[in-house]
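1. I would like to see how this sequence folds:
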Amino acid sequence: MVVYLSEYIHPDAEALLRKRAEVVDSFEHAEDIDAVILRTAEVSREIMARAKHLKVIGKHGVGCNTIDLEAAGEYGITVLNTPSANTNSVAELIVGLMLTVSRKISICDAKCRAEGFERIAPPEMTGIELTNKTVGLVGMGNIARRVGEILKNGFSAVLVGYDPYCTEEQAKAWGIKKYTDLKDLLMASDIVNISVPLTKSTENMIAEPEFQYFKKNAILINAARGGIVNEEDLYKALKEKRIKAAACDAFVSEPPDGSNKLMTLENFCATPHIGANTEEALYRMGMEVVEEVLSVLEGKEPKHRVI
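-> Prediction:
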């Protein structure tokens, strides 16, 4: 078996893969490849057309936006992912970002390292508590529900959600009040968390029209995918202080750098797509994607089929 792998996965998972298959890191001889394992690499229709023996594409993670799913379906290629392996790690980062921007931790750290402060507990560094805040979950999948669980149990948060794919009964069972209109959720929320995939229907889901409905002191968190939140419109909302603060772990152009205007704002916090970047999540995702890909090559049905 020949498996394409060009990105880092947990060493234990790579070792398991190399025991069972030949590993290549380019598509130069795509016709020889039986399987692809990817994190952010692109698998296009053109690659699939060349890879005559390609049977399965395994996504190390959840989002499959770099895979041409339509082409995979046409060519009869199985696409699978690892939808729950990184849930806890991403959820913990989201809560960490909420704490960071609500207590201005990143601003305090940067100033302590530079010019410092003239006094302790400076008034301009006054933050807010997460306790008892209303948290709006845009998307109520595994990650969002874990975020809600942490915030409800740890901070007595009130949970509200928006997700066309979840029923009101499901939301109620999860302890979440469901809104059927996004703007109603935005108006009710002190903190808004984005946990949806990037699709045609979610691109620019949060943009200038939606920012009109945010509370003035609201916090926005996006650790899903770049492009769901319109970055130019977010910049304007933060610059004009129409919302209190925001943090993103995902950007249109990654990794983020100083060319992104958001990086010039004190009320914005950035991380370089590290949601699933923990030892525990990398092990779970790596082992699961390798085992599942090898299983499909042996003729078995994957646990988490996308296509």
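
2. What's the biggest helix in this protein, counting residues?
-> helix 279-297 (DSSP state H).

3. now what about it, what contacts it?
-> 1, 3, 9-10, 12-14, 16-17, 20-21, 34-35, 37, 55-56, 58-61, 78, 80-82, 85-86, 88-90, 276, 302-304 (C-beta atoms under 8 Å, 6 or more residues apart in numbering). Just so you know, the C-beta spots here come from the backbone N, C-alpha and C atoms, and that holds for glycine as well.

4. Next, the buried residues of it.
-> Going by neighbour count (16 or more other C-beta atoms under 10 Å), the buried part of helix 279-297 is 281-297.

5. Give me the mean pLDDT for it.
-> What helix 279-297 shows for mean pLDDT is 98.

6. distance between that helix and the chain's centre?
-> Relative to its chain's centre, helix 279-297 lies at 19 Å (C-alpha atoms, centre = their mean, to the nearest Å).

7. What ranges does the stretch 51-200 of the chain have for its strands?
-> Assigned by DSSP state E, counting those that start in this stretch, the stretch 51-200 of the chain shows strands spanning 56-59, 78-80, 134-138, 158-162, 177-178, 191-194.

8. Format those as JSON lines; extra columns: mean neighbour count and mean pLDDT.
-> Below are the strands of the stretch 51-200 of the chain laid out as JSON lines (neighbours: other C-beta atoms under 10 Å; pLDDT from 0 to 100):
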{"stretch": "strand 56-59", "mean neighbour count": "27", "mean pLDDT": "98"}
{"stretch": "strand 78-80", "mean neighbour count": "22", "mean pLDDT": "98"}
{"stretch": "strand 134-138", "mean neighbour count": "27", "mean pLDDT": "98"}
{"stretch": "strand 158-162", "mean neighbour count": "23", "mean pLDDT": "98"}
{"stretch": "strand 177-178", "mean neighbour count": "18", "mean pLDDT": "98"}
{"stretch": "strand 191-194", "mean neighbour count": "26", "mean pLDDT": "98"}
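
9. could you redo those strands as JSON lines and give each row distance to Leu151?
-> Listed next are the strands of the stretch 51-200 of the chain as JSON lines, based on distance: least, C-beta to C-beta, whole Å:
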{"stretch": "strand 56-59", "distance to Leu151": "28"}
{"stretch": "strand 78-80", "distance to Leu151": "31"}
{"stretch": "strand 134-138", "distance to Leu151": "6"}
{"stretch": "strand 158-162", "distance to Leu151": "7"}
{"stretch": "strand 177-178", "distance to Leu151": "14"}
{"stretch": "strand 191-194", "distance to Leu151": "8"}
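
10. ok, back up a step: among the contacts of helix 279-297, name the ones in helices.
-> Asp12, Ala13, Glu14, Leu16, Leu17, Arg20, Asn88, Ser89, Val90.

11. Isn't the third one up against Leu5?
-> Yes. Applying C-beta atoms under 8 Å as the test, Glu14 and Leu5 come out as touching, 7.2 Å apart.

12. What residues sit buried inside stretch 179-191?
-> For stretch 179-191, by 16+ other C-beta under 10 Å, it's Tyr179, Leu182, Leu185, Leu186, Ala188, Ser189, Asp190, Ile191.

13. out of those residues, what pair is the most spread apart?
-> Using C-beta to C-beta, the buried residues of stretch 179-191 reach their maximum pairwise distance at Leu182 and Asp190, which is 16.1 Å.

14. per-residue pLDDT, Gly63?
-> Listed pLDDT for Gly63 reads 87.

15. tally of neighbours for Lys236?
-> Residues lying near Lys236 (other C-beta atoms under 10 Å) number 14.

16. ok now do it, which residues does it touch?
-> Glu208, Phe211, Arg242.

17. repeat for Ser259
-> Ser253.

18. thinking again about what came up before, separate out the buried members of the ones in helices among the contacts of helix 279-297.
-> Ala13, Glu14, Leu16, Leu17, Asn88, Ser89, Val90.

19. Save those as TSV, and put in distance to Asp68 and pLDDT too.
-> Below are these laid out as TSV (distance: C-beta to C-beta, whole Å; pLDDT from 0 to 100):
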residue	distance to Asp68	pLDDT
Ala13	25	98
Glu14	25	98
Leu16	28	98
Leu17	23	98
Asn88	30	98
Ser89	28	98
Val90	25	98
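
20. ok, of those residues, which one's closest to Gly154?
-> Of all those, Gly154 sits closest to Asn88, with 13.8 Å by C-beta to C-beta.

21. dump the residue contacts of the closest residue to that closest one other than its chain neighbours.
-> Nearest non-adjacent residue to Asn88, counting by C-beta to C-beta, 6 or more residues apart in numbering: Arg146, 6.0 Å away. By C-beta under 8 Å, 6+ apart, the contact set of Arg146 is Thr87, Asn88, Ala91.
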